[in-house]
Each structure stands twice: as C-alpha cells, then as structure tokens.
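*Asks:* A predicted structure for the sequence below; I have some questions about it.
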Amino acid sequence: MTLDVATTVPVELGERSYEIEIGSHVLANIASAVEQATTGARCVIITDSNVNSAHGETIRRHLNEAQIQHDTIEVAAGEKSKNWETLQTVTDKILELRLERSDLVLAFGGGVVGDLAGFAASIARRGMKFIQIPTSLLAQVDSSVGGKTGINSQHGKNLVGAFYQPSKVLIDLEVLKTLSKREFRAGYAEVAKYGLIKYPDFFEFLEHNHKDIFAHGPALTKAIAKSCQAKAEIVAADETEKGQRALLNLGHTFGHALEGYTAYDGSRLVHGEGVAIGMMLAHQFSNRLNQCAMDDVSRVEAHLKAVGLPTRIQDIPGDLPSVETLMSFIAQDKKVKRGALTFILTKGVGNSYIADDVPPSEVSAFLSEHLNS
Ligand SMILES: NC(=O)c1ccc[n+]([C@@H]2O[C@H](COP(=O)([O-])OP(=O)(O)OC[C@H]3O[C@@H](n4cnc5c(N)ncnc54)[C@H](O)[C@@H]3O)[C@@H](O)[C@H]2O)c1
Ligand SMILES: [Zn+2]
C-alpha cells in the first residue's frame, strides 16, 4: 500500500463493487449518488437524534435542491437502538411510507445507524439499495465499509445480521467537526488498528501526524483514505470472514470483554476505548508468548497515550473486573476449539496474525498479572 492520498477508494467485490468518496462537503454530492444508485424516485434518511439535529437540515436541503423526494426516520442516539424493537419500528416505517424496492435507504449517522439501517435495508422488501453516509470517525474508517450490518441480541453484540453491501459510501469530513473529542479519539483507535494489523508504514505516518489529524488538518483526509483502503483491501480478499478479515478483530476479543463487563455503559467505556486497551493487551500478551518484542509493545503504548487513549484496564473508571468475569466474556466472544481460543496476536507493529491455539489458562494467567500490575 502506497501513501498517496486517494479521494475515491474502490471496494472490489465483483458485481457488488462500490466506491467510497472522501472529502470536505461531499454531502453536496448526495443527489448524484442517489441518481447513480437507483432508478427509484424516493429515498428515506435513517439517522439518530444527534446527527439529525446537527446535519439533518443540510442533507435535506441538498435533496430538495435536486428535487429528490425524501422522508426521515429518526432513532434514539446510542448503542441501545441496535435492537429488535428499533429494527422493527424502522422496517415497518419504511413499509408504511410505501417505499418501493427500487427506492433508497440513506444510512446517515455513526456505526449504530449504519449497522441498523443497513440491516433494515437488507430485509425490507427483500432488499433495498442503500448508501452509507457515516458521520462518526469510527463509522467513516470502519463500520460503513465492508457490508457487515446487524443488531445486538440479548445473547450478545452483533449476533443478528447480514452481509449486505451498500451502493456507495459518502464520507464528508465536515460533519466530524460536531463529533465530541472523546468519540473522535475512540474512532482513532480503529485508524491505528490498520497500522498495527499489517501496514507498518501507516503506523509510522500516524506517529508523525497525529496532531494534524486531531486538528482536522490535511493528514485527517489521508488517514481516513488509508484506513478505507486498508479495510477495502482486506474485505475484498475475504468478504465473509473465512480467513484474514479476522485480523480486523485485533484488540476486539479483550475489548468486547471490557465492554461486556461495563455493560455497554458509554460513560465508562466506548467501543474504540475498549479496542485501544484491547490492542495494548494483545501486544503485551504476544510478548508474554515470546512473539512480540518489548520495544514494539512500548511503541504502541507510547502512541496510544500520546493521543490520550486508555491503555490499561485500570484506566476504566469504576470497579475492576475479576479475571473470571473477563474470561467468561472471552469464551462467549470466541469459539473454543478443542479447548483452545482463537486470538489475533502480533509479531510486532504491522505484523499481526491469527492464532487458533491459545490455551485459556495462558489468557487468564496474563490477565491476572495485568490486573495486579
Ligand atoms: N459493521 C461493522 O463492520 C462495524 C465495525 C465497527 C463497529 N461497528 C459498530 O459501530 C457501532 C459504534 O459506532 P460509533 O462509534 O459511530 O457509535 P454511534 O453510532 O453510537 O456514534 C457515537 C455517538 O456520536 C454521535 N454522532 C455521530 N456522528 C456525529 C456527528 N457528526 N456529530 C455529532 N455527534 C455525532 C452519535 O449520535 C452517538 O451519540 C457499534 O455498534 C459497533 O458494533 C460495526
Ligand atoms: Zn471495532
């Protein structure tokens, strides 16, 4: 992967291929994106309360200017909207509005809206076309690309859903200006993840340019474009996660366990923060297994700390979890095969790999050491 800036990133998936358009004010291109995607006459904007109040008028103005008929369905902001009840409300509303199969769903929000609206699009009238217009940094660099859609179940996160690719992804950098610093930082954890998985030159770029990225300077466009390119490349090679797409879960087994123990209470921990701590743990654990040098562990820690991300379980406010609690979440998240766990481990910055032979006893010994350090 070269480090030149791309404003259009292709996602090569045969007949399901599409483009990611990245830039300031690309929301103004919504009308042509709609017209390219479908012959239908109408669209429905699915959004959440925060995004609707910050940017709803802008997107509706652009659609009005192009005389595209539209409606808006607003859901409550937050992870709790990724549930059966909201999915049903949204899907029924699509039908009540008498939208046709050839009409278009516009998923306008963070990862919650993208996952929910994409899943609704996949089932309403057996599949309507949809466009992802991600508005959080996390959604722009991760969840809007690759076609994973879905909701949470009482049995766990993201357990109900479909692989359903959008017709286009429109990434407008301007909308990020209303995102809270904390959410921006959390999204950045997923940006750093790409460097750590398999793009060491990108990690180095981030080490040198993180201040400009957080200041919404030119490096932000580059970081988003590179992240989308990395995700597109990994997804194109393995759309339904039979192999290397699993690398994208670096830090996520530990991270999901931490989200589980905080009961998805965003005031304590949001997803990207859990991923940051999880990536740190994955590096330390790899070091314990003699796979990753201490210099690499320290380098990752220094970068995450430099941008203000948490790196230790102790950084989460509130009581510490027990090893048993974390292990039970880890066992739920990962299939145990012949008594061993599958983990994304690393041999160093930009060199992660899938290990399917990790003994649970090693993980619990490591966690107990970490919690007592
Ligand atoms: N499908 C995938 O491949 C994939 C990948 C990663 C994460 N996810 C999912 O994504 C979700 C997390 O996404 P998220 O972090 O975007 O959460 P989110 O959608 O809850 O957004 C975070 C917060 O930011 C607000 N917000 C979003 N854009 C804003 C803007 N421009 N201005 C002001 N406020 C704004 C939202 O209202 C919300 O309060 C999780 O449910 C996770 O499972 C999915
Ligand atoms: Zn993630």
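*Replies:* Arrived safely, thanks for sending. Ligands and ions are numbered 1, 2, ... in the order given.
*Asks:* Now the nearest residue to Val141 once chain neighbours are set aside: which helix or strand?
*Replies:* Take Val141 and drop its neighbours on the chain: the residue closest to it by CB to CB, 6 or more residues apart in numbering is Ser227, 3.8 Å away. All C-beta atoms are positioned from the backbone trio N, CA, C, and that covers glycine. Secondary structure assignment for Ser227, by DSSP states H and E: helix 218-237.
*Asks:* in that helix, what's buried?
*Replies:* 219-236 (16 or more other CB atoms under 10 Å).
*Asks:* With stretch 33-45 instead?
*Replies:* 33-34, 37-38, 40, 42-45.
*Asks:* who touches it?
*Replies:* With CB atoms under 8 Å, 6 or more residues apart in numbering as the test, stretch 33-45 has contacts from 21, 56, 59-60, 63, 66, 68-73, 94, 97, 99-106, 108, 129, 131, 167-168, 170.
*Asks:* hang on, isn't the residue nearest to Val141 packed against Glu190?
*Replies:* Yes - the criterion here is CB atoms under 8 Å, and Ser227 meets it with Glu190 at 7.2 Å.
*Asks:* anything in contact with each of these two?
*Replies:* Common neighbours of Ser227 and Glu190 (CB under 8 Å, 6+ apart) are 141-142.
*Asks:* which strands and helices sit next to the helix or strand where Ala121 lies?
*Replies:* Ala121 belongs to helix 111-123 when assigned by DSSP H and E. Judged by 3 or more CB pairs under 8 Å, 6 or more residues apart in numbering; DSSP states H and E, helix 111-123 is in contact with strand 42-48, helix 84-96, strand 104-109, strand 129-134, strand 148-153, strand 156-163.
*Asks:* quick one: which of these is nearest ligand 1?
*Replies:* strand 148-153 (3.7 Å; CB to the nearest ligand atom).
*Asks:* Now the closest one: average pLDDT?
*Replies:* Mean pLDDT, strand 148-153: 94.
*Asks:* okay, now Ala263: neighbour count?
*Replies:* 8 (other CB atoms under 10 Å).
*Asks:* That one belongs to a strand, doesn't it?
*Replies:* No - assignment of Ala263 by DSSP: H, G, I helix; E, B strand; the rest coil gives coil, placing it outside any strand.
*Asks:* and Lys108, what pLDDT?
*Replies:* Small correction: residue 108 is Phe, not Lys. 98.
*Asks:* Around Leu289, count how many other residues there are.
*Replies:* So Leu289, with other CB under 10 Å, has 14 neighbours.
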